[in-house]
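# the sequence and its predicted three-dimensional model are supplied below.
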Amino acid sequence: MNPVVEISIWQLLLGLIFIILAQGASFVYHLGLNRDIAIGTIRTFAQLFLMGYALTLIFQLNSVWFTLGIFVIMAVSASLIVRGRVKEKQISYMVPTFLTMFTSYFVTAIFVSGLIVGVDPWWEPRYFLPIGGMVIGNSMSALAIALERLFKDMRQQKNLIETQLCLGANYREASSEMFKNAVTAGMIPSINAMMGVGLVFIPGMMSGQILAGADPLQAIRYQIVIMLMLVGSTATTSIIIMLIVRKRCFGKGEELLLSTSGSK
Amino acid sequence: MTPLLEIRSLDFFYDRQETPVFSALNLQVNQGELVRIKGVSGSGKSTLLRLICRLQTYQNGSILFKGTPVESIVPAELRRSLIYVAQIPSMIDASVKENLLFPFSFSINGHKDKPTDKKLLEMLEAFYLQDIGLEHQARNLSVGQQQRIALMRALLLDPEILLLDEPTSALDTKSASMIFASVDYLNEEQDKTILMVTHSDYHSKNASLVSYVLENKKLGKE
């Protein structure tokens, strides 16, 4: 098999042609995206270079504490990104969200790297961190969508929730429809990805392995495990978090605490 | 005899507001009474009903249902016993029949028998709704019709007190008089205890009627 073809720094900069095209389109059509595209490009370079150097260092150090430290940073960043997207001011949901995200990702990553792939030790950074990163990244988007939907629907349907409460519903019964819709909305992208994988797109990890010279038949096995892991961990994490957050939307008397005006 | 509902020295103010909505407010509602509270818009009439069924929380004082503080009663149990019918009726996106029966799916109402179609049709007639069928889409009805469906829905659960919030606010005179006639009928013929807040005039020969006015953060007899 051919060795990996390396990309020089000049070839990398050549990739900026795509950004110039995007900037041009934004300028011509007044999309107002020039600043965001520029910041996004700079961040892509800076964050990935930083990540590259950090991973090189961590692989060399091969220390469980450094590996776990990086994992914590990834989980904290994910929860901050979720907070930035959801923008809920009335209900405090960050602490339980972070704790659940961290625990669930940690358990999933250990399960996959230690048991399914069978890496020894289980925290071998070359496996543990990319697997953890994929779990966190995928579930983060699902969570942001689900939380946003839950808060929005419960606010919009405050009258209906209160009507049901007044007719004897407990808070779970009064909000079951909004809960279900929110979890489903978060899960749809992961389920769609399972439907389209291999037909519509070649997933990132598998592409990476193939580009790096791996046998496609080995690459698909990894990918199947990853897809199953992503759907499972996204479903369990978002259901646990939505259960906790929904409870927090109601007071001691099971009264709805969300007001229709105080969202952002 | 212990009043069915008693409010003692109730204070309530919204977050970050120094002026209270109520200050040391007292009220007693006895079995079989029809209590009407009148007051201008913004005087806190709806808030009072919402505090009674714990949709909002008050700061000081106490609200007792049959002598027990409302906070000591399981919320779903409390709200099923004193049903609050909101000013703007809220219907699920389904037929009239489904709107009347969905509360029977809640665990707390599970032991109750669902009313038959015959009983529902008789009720529609008693509420001057004989022209609409049980399969009609509830959200397509007028506000006045929805208001009466909401009242029927509450009655089917056989509450001990009905808390009616401005039941005629969005209605023309004819529909309003139908609602008031229903309220009188429920109190006089079916012995229902009713606490109703309204700002519209309501003339009734009902002997059980007790009228209060809510002004200056307190209740006074009319």
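Arrived safely, thanks for sending.
# what average pLDDT does stretch B:211-219 get?
In this model, stretch B:211-219 has an average pLDDT of 85.
# what distance separates the start and the end of it?
10 Å (CA to CA, to the nearest Å).
# and for stretch A:169-176?
Terminal-residue distance, stretch A:169-176 (CA to CA): 10 Å.
# contacts for that stretch?
Under the criterion CB atoms under 8 Å, 6 or more residues apart in numbering or on different chains, residues A:154, A:161-162, A:164-165, A:179, A:246-247, A:249-250, A:254, A:256, B:75-76, B:103, B:105-108 lie in contact with stretch A:169-176. For every residue, glycine as well, the C-beta is placed using N, CA and C.
# among those residues, the buried ones, what's the ChimeraX command?
Selecting just the buried residues from the contacts of stretch A:169-176 in ChimeraX takes one command, with 16 or more other CB atoms under 10 Å in any protein chain shown as the test:
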select /A:154,161,162,164,165,179,246,249,250,254,256 /B:75,76,103,106,108
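# okay, helices next: where are they in the chain?
Reading this off chain A. A:9-14, A:16-28, A:34-61, A:64-86, A:94-110, A:125-156, A:158-166, A:171-174, A:176-196, A:204-211, A:216-248 (DSSP state H).
# my bad, the chain I had in mind was chain B
Under DSSP H, chain B gives helices at B:45-52, B:75-81, B:96-101, B:117-126, B:143-155, B:173-188.
# what's the closest of those to A:L217?
Closest to A:L217 of those, according to CB to CB: helix B:96-101, at 54.0 Å.
# show me how far that closest one is from its chain's centre.
19 Å (CA atoms, centre = their mean, to the nearest Å).
# residues in contact with stretch A:195-205?
A:P130, A:M134, A:A193, A:I210, A:A219, A:I220, A:Y222, A:Q223, A:I226, A:M227.
# swap the cut-off to 7 Å and go again
By CB atoms under 7 Å, 6 or more residues apart in numbering or on different chains, the list of residues contacting stretch A:195-205 from outside reads A:M134, A:Y222, A:Q223, A:I226, A:M227.
# just these now: which is nearest chain B?
Nearest to chain B among these is A:M227, at 35.8 Å by CB to the nearest CB.
# dump the residue contacts of the closest one.
A:M227 neighbours (CB under 7 Å, 6+ apart): A:M194, A:V197.
# let's go with 10 Å and repeat that
A:M134, A:N138, A:S190, A:A193, A:M194, A:V197, A:G198, A:P203, A:M205, A:M206 (CB atoms under 10 Å, 6 or more residues apart in numbering or on different chains).
# my guess is A:Q90 meets A:G251, correct?
No - counting by CB atoms under 10 Å, A:Q90 stays clear of A:G251, with 11.7 Å between them.
# shared neighbours of the two, which are they?
What both A:Q90 and A:G251 touch, as defined by CB under 10 Å, 6+ apart, is the set A:L257.
# which parts of chain B are strands?
B:5-12, B:22-29, B:34-38, B:60-65, B:68-69, B:82-85, B:161-165, B:193-198, B:209-215, B:218-221 (DSSP state E).
# with respect to B:K66, which of the helices of chain A lies nearest?
Closest among the helices of chain A, using CB to CB: helix A:158-166, at 18.5 Å.
# and that closest one, C-alpha only, in PDB?
Provided in PDB are the C-alpha atoms of helix A:158-166 (Å, rounded to 0.1, in the frame of the first residue of the first chain):
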ATOM      1  CA  LYS A 158     -47.600  27.500  28.400                       C
ATOM      2  CA  ASN A 159     -51.400  27.800  28.300                       C
ATOM      3  CA  LEU A 160     -51.800  24.200  27.200                       C
ATOM      4  CA  ILE A 161     -49.400  23.000  29.900                       C
ATOM      5  CA  GLU A 162     -51.200  24.900  32.600                       C
ATOM      6  CA  THR A 163     -54.600  23.800  31.300                       C
ATOM      7  CA  GLN A 164     -53.400  20.200  31.700                       C
ATOM      8  CA  LEU A 165     -52.000  20.800  35.100                       C
ATOM      9  CA  CYS A 166     -55.300  22.300  36.200                       C
END
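# how big is the angle separating the worst-scoring helix or strand of chain A on mean pLDDT from helix A:216-248?
Using mean pLDDT, DSSP states H and E, helix A:204-211 stands out as the lowest-scoring helix or strand of chain A, at a mean of 84. Interaxial angle of helix A:204-211 relative to helix A:216-248 (axes from the mean of the first three to the mean of the last three CA atoms, to 10 degrees): 160 degrees.
# before we move on, the earlier item: relative to B:E33, which of the helices of chain B is closest?
helix B:173-188 (8.0 Å).
# which strands or helices does the closest one pack on?
If contacts are counted by 3 or more CB pairs under 10 Å, 6 or more residues apart in numbering or on different chains; DSSP states H and E, helix B:173-188 sits against strand B:34-38, helix B:117-126, helix B:143-155, strand B:161-165, strand B:193-198, strand B:209-215.
# what sits up against it?
By CB under 10 Å, 6+ apart, helix B:173-188 touches B:32-36, B:126-129, B:142-145, B:147-148, B:151-152, B:155, B:162, B:164, B:167-171, B:192-194, B:196, B:198, B:200-209.
# burial count for the spatially closest residue to A:P96 that is not a sequence neighbour?
Leaving aside its sequence neighbours, A:P96 sits nearest to A:I244 (CB to CB, 6 or more residues apart in numbering or on different chains; 4.5 Å). When neighbours are counted by other CB atoms under 10 Å in any protein chain shown, A:I244 registers 15.
# equivalent analysis for A:I42, please.
Neighbour count of A:I42, defined by other CB under 10 Å: 10.
# separation between it and A:W10?
19 Å (CB to CB, to the nearest Å).
# in JSON lines: the strands of chain B, plus distance to chain A and mean neighbour count.
Converted to JSON lines, the strands of chain B look like this (distance: least, CB to the nearest CB, whole Å; neighbours: other CB atoms under 10 Å in any protein chain shown):
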{"stretch": "strand B:5-12", "distance to chain A": "14", "mean neighbour count": "19"}
{"stretch": "strand B:22-29", "distance to chain A": "17", "mean neighbour count": "18"}
{"stretch": "strand B:34-38", "distance to chain A": "18", "mean neighbour count": "22"}
{"stretch": "strand B:60-65", "distance to chain A": "11", "mean neighbour count": "18"}
{"stretch": "strand B:68-69", "distance to chain A": "11", "mean neighbour count": "12"}
{"stretch": "strand B:82-85", "distance to chain A": "5", "mean neighbour count": "25"}
{"stretch": "strand B:161-165", "distance to chain A": "9", "mean neighbour count": "23"}
{"stretch": "strand B:193-198", "distance to chain A": "14", "mean neighbour count": "24"}
{"stretch": "strand B:209-215", "distance to chain A": "21", "mean neighbour count": "17"}
{"stretch": "strand B:218-221", "distance to chain A": "23", "mean neighbour count": "13"}
